[in-house]
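Colleague: take a look and give me a structure for this.
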Amino acid sequence: MISLVKINPNKFHKDQFNFHLFLIILSIFVALPIVFIVNHAFKPFTELFAYPPRFLVNNPTLENFRLLFNFSAESGIPLSRYVFNSLFMTTIVILLTLLVSSLAAFALSKLHFKGKHPFNKANTMALMFVPVAVAIPRFLIIDNLGIFNTYLAHIIPMLAMPIGIFLIKQFMDQIPDDLIEASKIDGAGNWRVYWHVMLPLVQPALVTVAILTFQAGWGNVESSTIFMDDESLRTLPFYLNTLISQSGNIVAGAGLGAVAGLVMFVPNLILFIILQNKVMDSMAHTGIK
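Modeller: Numbers count the residues shown, from 1 in each chain. Below is the predicted model:
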């Protein structure tokens with residue numbers, strides 16, 4: 001019989017050496033793109049176009065960042081405006097998506113009503129559609145709702161997140177119905193069961209959906225491209241994408257592209273580092289026996 005000490009020791013055990021060595025090598029391999037993105041943003045023009053390409057920067061400079069702020073100042077709309085639009089839109093989208101997805105998942109998982117199974121199948125089928133496939137229907141809906149050139153045009157299309165509903169529902173399906181029945185015997189209604197029982201038990205799923213929503217919202221350029229004519233309402237990803245093409249200089253464009261990649265990547269990395277423990281959790285860690 002395999003000793004439990006070897007499987008899950010309280011401290012480092014010699015039998016884990018090979019496993020830890022594998023994890024260290026894998027971690028270094030996974031970290032290489034991150035190291036490259038950071039170094040690439042600080043490369044001077046001579047190193048950006050060096051041949052053969054250099055992985056690490058030899059003479060770091062802030063020139064690329066200076067160019068980014070200079071182009072923003074010349075455009076008439078400060079960079080802070082695009083940052084605010086992205087942060088505001090992403091924050092609202094995360095909060096509303098968690099609310100909508102968790103409510104829909106609770107209804108599809110624990111409530112009994114006519115049409116429940118067709119709704120489940122429709123949500124599963126929706127996972128097959130990419131945003132570009134429904135771009136025209138989205139435009140027609142936004143136009144008919146009269147919210148063209150408003151923040152709502154950024155927010156409303158992002159609220160439909162089938163993967164969020166699916167993921168939260170899978171977690172809720174594992175919660176015993178006896179727990180809900182016990183809560184109702186104590187006088188709790190559906191709203192109290194949802195808020196005080198279900199949500200605390202599916203926190204790992206909620207955090208995972210929040211990260212996925214942040215990635216989708218922070219990197220979203222569709223709404224600014226299709227639903228916005230007012231430049232002051234557009235988001236940072238759209239501005240950075242158009243800035244590279246509008247620079248008119250292949251050298252400056254390369255530097256701006258390097259900085260844009262770093263600016264768009266860092267928030268995702270920070271968010272994942274902060275919430276990684278929640279993402280790794282499963283229903284086995286939620287206290288359900």
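Colleague: CA atoms for contacts and neighbours, from now on please.
Modeller: Fine.
Colleague: the strands in the protein, which residues?
Modeller: Taking DSSP state E, the chain contains no strands at all.
Colleague: give me the below-cutoff pLDDT ranges for it.
Modeller: Where the chain drops to pLDDT under 70, the residues are 1-13, 244-252, 279-289.
Colleague: centroid-nearest residue for it?
Modeller: In the chain, the C-alpha nearest the mean C-alpha coordinate belongs to Gln215, at 2.4 Å (Cα atoms, centre = their mean).
Colleague: quick one: residues contacting that residue.
Modeller: For Gln215, the contacting residues are Asn268, by Cα atoms under 8 Å, 6 or more residues apart in numbering.
Colleague: if I look at it, how far off is Asn144?
Modeller: Gln215 sits 28 Å away from Asn144, going by Cα to Cα, to the nearest Å.
Colleague: do the same with Phe113
Modeller: From Phe113 to Asn144 the distance is 31 Å (Cα to Cα).
Colleague: over to Thr208?
Modeller: According to Cα to Cα, Thr208 stands 33 Å off from Asn144.
Colleague: comparing those two, which residue is more hemmed in?
Modeller: Ranked by neighbour count (other Cα atoms under 10 Å), Thr208 and Asn144 place Thr208 first, with 21 against 10.
Colleague: roughly how far apart are the more buried one and Phe113?
Modeller: Applying Cα to Cα, the value for Thr208 to Phe113 is 28 Å.
Colleague: please apply the same query to Arg54.
Modeller: Counting by Cα to Cα - Arg54 and Phe113 are separated by 61 Å.
Colleague: comparing the two, which shows the higher neighbour count?
Modeller: Using other Cα under 10 Å as the criterion, Arg54 and Phe113 rank with Arg54 on top: 15 against 9.
Colleague: how about the more buried one, what does it touch?
Modeller: By Cα under 8 Å, 6+ apart, Arg54 lies in contact with Glu47.
Colleague: look up phi and psi at it.
Modeller: Dihedral angles of Arg54 (phi, psi; degrees, to the nearest 10) stand at phi -100, psi 130.
Colleague: cool, and Met128?
Modeller: In terms of degrees, to the nearest 10, the main-chain angles of Met128 are phi -80, psi -20.
Colleague: counting neighbours, what do you get for it?
Modeller: Applying other Cα under 10 Å, we find 10 residues neighbouring Met128.
Colleague: ok, it to Ile155 distance?
Modeller: Shown here: Met128 relative to Ile155, a distance of 22 Å by Cα to Cα.
Colleague: do the same with Leu201
Modeller: As judged by Cα to Cα, Leu201 and Ile155 stand 27 Å apart.
Colleague: wait, doesn't Asn220 sit right on Tyr239?
Modeller: No - contact criterion Cα atoms under 8 Å: Asn220 and Tyr239 do not qualify, at 11.1 Å.
Colleague: ok, Asn18 - how many residues close by?
Modeller: Using other Cα under 10 Å, Asn18 is surrounded by 10 other residues.
Colleague: phi first, then psi, for the nearest residue to Pro44 once chain neighbours are set aside.
Modeller: Distances taken as Cα to Cα, 6 or more residues apart in numbering place Thr61 nearest to Pro44, at 6.0 Å, with adjacent residues excluded. Dihedral pair for Thr61: phi -140, psi 160, per degrees, to the nearest 10.
Colleague: tell me how the protein divides into domains.
Modeller: Domain assignment of the chain by automatic domain parsing yields the ranges 18-61, 79-285.
Colleague: make JSON lines out of those and add distance to Phe69.
Modeller: Compiled in JSON lines, these are given as follows (distance: least, Cα to Cα, whole Å):
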{"stretch": "domain 18-61", "distance to Phe69": "14"}
{"stretch": "domain 79-285", "distance to Phe69": "7"}
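Colleague: so which of those domains is the most surrounded?
Modeller: Across the domains of the chain, averaging neighbours per residue (mean count of other Cα atoms under 10 Å) puts domain 79-285 on top, at a mean of 17.
Colleague: for Tyr82, see how far away Gly253 is.
Modeller: For Gly253, the distance to Tyr82 - Cα to Cα - is 19 Å.
Colleague: ok, now which ones touch Asn120?
Modeller: Listed by Cα under 8 Å, 6+ apart, the contact partners of Asn120 are Leu108.
Colleague: against Leu103, how distant is it?
Modeller: To Leu103, Asn120 is 14 Å away according to Cα to Cα.
Colleague: just Asp229 next, same as before
Modeller: 34 Å.
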